[in-house]
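Chemist: sequence and computational prediction follow.
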Amino acid sequence: MKPMNAPRDIDLGGVLVDPFVRYVFLALVIMIAIRFVDGRLGLRSMFANPPLAEAALYVCILVSLIAFWL
């Protein structure tokens, strides 16, 4: 079995950025795309509390990115 490679820190002008920050921004981009589609289809009215549903969806996307390492 091949050992898993750990994600490396990103060097931005001498500042090391943790890989978690990359996942947070990628999840944010995915969430913005989902919100756009959601707005076009009018799915927000299906939820009693749309901001809470969006927050839960963001957490699910973030956890999926971390667990499955895109």
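Modeler: On my side now, so go ahead.
Chemist: correct me if wrong: Tyr58 contacts Phe25.
Modeler: No - taking contacts as C-beta atoms under 8 Å, Tyr58 lies outside contact range of Phe25: 12.0 Å. From N, CA and C alone the C-beta is placed, and that goes for glycine too.
Chemist: pick out whichever of the two has more residues nearby.
Modeler: Tyr58 (17 against 11; other C-beta atoms under 10 Å).
Chemist: wait, what's in contact with the more buried one?
Modeler: 27-28, 31 (C-beta atoms under 8 Å, 6 or more residues apart in numbering).
Chemist: any stretches of the chain with poor pLDDT?
Modeler: Low-confidence segments of the chain (pLDDT under 70): 1-7, 70.
Chemist: now do the SS call for the spatially most central residue of the chain.
Modeler: Closest residue to the average C-alpha location of the chain: Ala27 at 1.6 Å, with C-alpha atoms, centre = their mean. Look at Ala27: counting by DSSP: H, G, I helix; E, B strand; the rest coil, its state is helix.
Chemist: quick one: it and Gly42, what's the gap?
Modeler: Ala27 sits at a distance of 24 Å from Gly42 (criterion: C-beta to C-beta, to the nearest Å).
Chemist: in stretch 53-66, what counts as buried?
Modeler: Across stretch 53-66, burial judged by 16 or more other C-beta atoms under 10 Å covers 54, 57-58, 61-62, 65.
Chemist: again, but for stretch 29-39
Modeler: For stretch 29-39, a neighbour-count test (16+ other C-beta under 10 Å) marks 30-31, 38 as buried.
Chemist: nearest to Trp69, of the residues you listed?
Modeler: Proximity of the buried residues of stretch 29-39 to Trp69 (C-beta to C-beta) peaks at Ile30, which lies at 14.6 Å.
Chemist: contact partners for that closest one?
Modeler: For Ile30, the contacting residues are Ile61, by C-beta under 8 Å, 6+ apart.
Chemist: could you rerun that using 10 Å?
Modeler: 57-58, 61-62, 64-65, 70 (C-beta atoms under 10 Å, 6 or more residues apart in numbering).
Chemist: before we move on, back to that, JSON lines for the buried residues of stretch 53-66, including secondary structure and distance to Met46?
Modeler: Rendered in JSON lines, the data for these read as follows (DSSP: H, G, I helix; E, B strand; the rest coil; distance: C-beta to C-beta, whole Å):
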{"residue": "Glu54", "secondary structure": "helix", "distance to Met46": "12"}
{"residue": "Leu57", "secondary structure": "helix", "distance to Met46": "13"}
{"residue": "Tyr58", "secondary structure": "helix", "distance to Met46": "17"}
{"residue": "Ile61", "secondary structure": "helix", "distance to Met46": "18"}
{"residue": "Leu62", "secondary structure": "helix", "distance to Met46": "22"}
{"residue": "Leu65", "secondary structure": "helix", "distance to Met46": "25"}
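Chemist: before I go, just wanted to say thanks for your time.
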